[in-house]
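J.: Here is a sequence together with a model predicted from it:
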Amino acid sequence: MAKKSRRQPARRNSSSGPCAGKPVCGSNPAAALASLQSAQELNSLIPAFVCWHWEHAVVSDVPLILKQLNASFSIHAKIDGDATVTAIEPEDLVELVGLLIEHDSEFAVLFCGSLYEFVHFLMDTGRWSGTAENYQTVRRILFDGLFSARFLS
């Protein structure tokens, strides 16, 4: 007697057009893939980051930092499909930090502090894949954002 599969069938797109009848995978499959790749890249760095963090920490709450980094890089990957967690473009970051400060200065402090520490980890351990100039610019943006957000909160 053959066993029946307990797995539910994939939800199908019922609309007409090129996606009709295909499994639903979000509004943008490329963005979903980029987000997954970003999460995998970040997850591969977590053990080294946690070890580094215990020696060099500015922010003491590692789980909170990791949660913040996961959310940030996931969103960044959806916006910029070829984004990497080991090199951040200053142009993207300055706009994001400005919006965060404008909308939620307390959250901006957490975001800037977490990312500042992570970027420092990347450079300190030789994992930063961007240019030295971008590294300095990113750190300046995060520091200025941290200072501005703290002043406003």
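T.: Received it, and whenever you're ready, just let me know what you need. The structure displayed is predicted, hence computed values, not measured ones.
J.: check contacts around residue 100.
T.: The contact partners of residue 100, by C-beta atoms under 8 Å, 6 or more residues apart in numbering, come to 107-108, 111-112, 145, 149. Quick note: C-beta positions are derived from backbone N, CA and C, even for glycine.
J.: Against residue 28, how distant is it?
T.: Distance of residue 100 to residue 28, computed by C-beta to C-beta, to the nearest Å: 23 Å.
J.: show me where the chain has helices.
T.: Assigned helices in the chain, in chain order: 29-56, 62-79, 90-103, 105-124, 132-152 (criterion: DSSP state H).
J.: just the ones you listed: most buried one?
T.: Mean neighbours per residue, mean count of other C-beta atoms under 10 Å, is largest over those for helix 105-124, with a mean of 20.
J.: Model confidence for residue 132, exactly?
T.: Model confidence at residue 132, given as pLDDT, is 96.
J.: Okay, now the unreliable bits of this protein?
T.: Residues of the chain that meet the criterion pLDDT under 70 lie in 1-27, 30-35, 58-59, 80-81, 149-153.
J.: Export the contacts of residue 100 to TSV and append columns for distance to residue 125.
T.: Converted to TSV, these look like this (distance: C-beta to C-beta, whole Å):
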residue	distance to residue 125
107	27
108	26
111	22
112	20
145	23
149	27
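J.: Of the residues you listed, just say which sits nearest to residue 43.
T.: residue 111 (19.5 Å; C-beta to C-beta).
J.: Disregarding flanking residues, what is the spatial nearest neighbour of that closest one?
T.: In this structure, residue 111 finds its nearest non-sequential neighbour in residue 100, 5.7 Å apart by C-beta to C-beta, 6 or more residues apart in numbering.
J.: what about the one you found, distance to residue 107?
T.: From residue 100 across to residue 107, the span is 6 Å (C-beta to C-beta).
J.: And for residue 89?
T.: 21 Å.
J.: can you check residue 85 too?
T.: Residue 85 is 20 Å from residue 107, where distance means C-beta to C-beta.
J.: okay but residue 56 is in contact with residue 125, surely?
T.: No. Using C-beta atoms under 8 Å, residue 56 is not in contact with residue 125; the gap is 10.1 Å.
J.: All set now, cheers.
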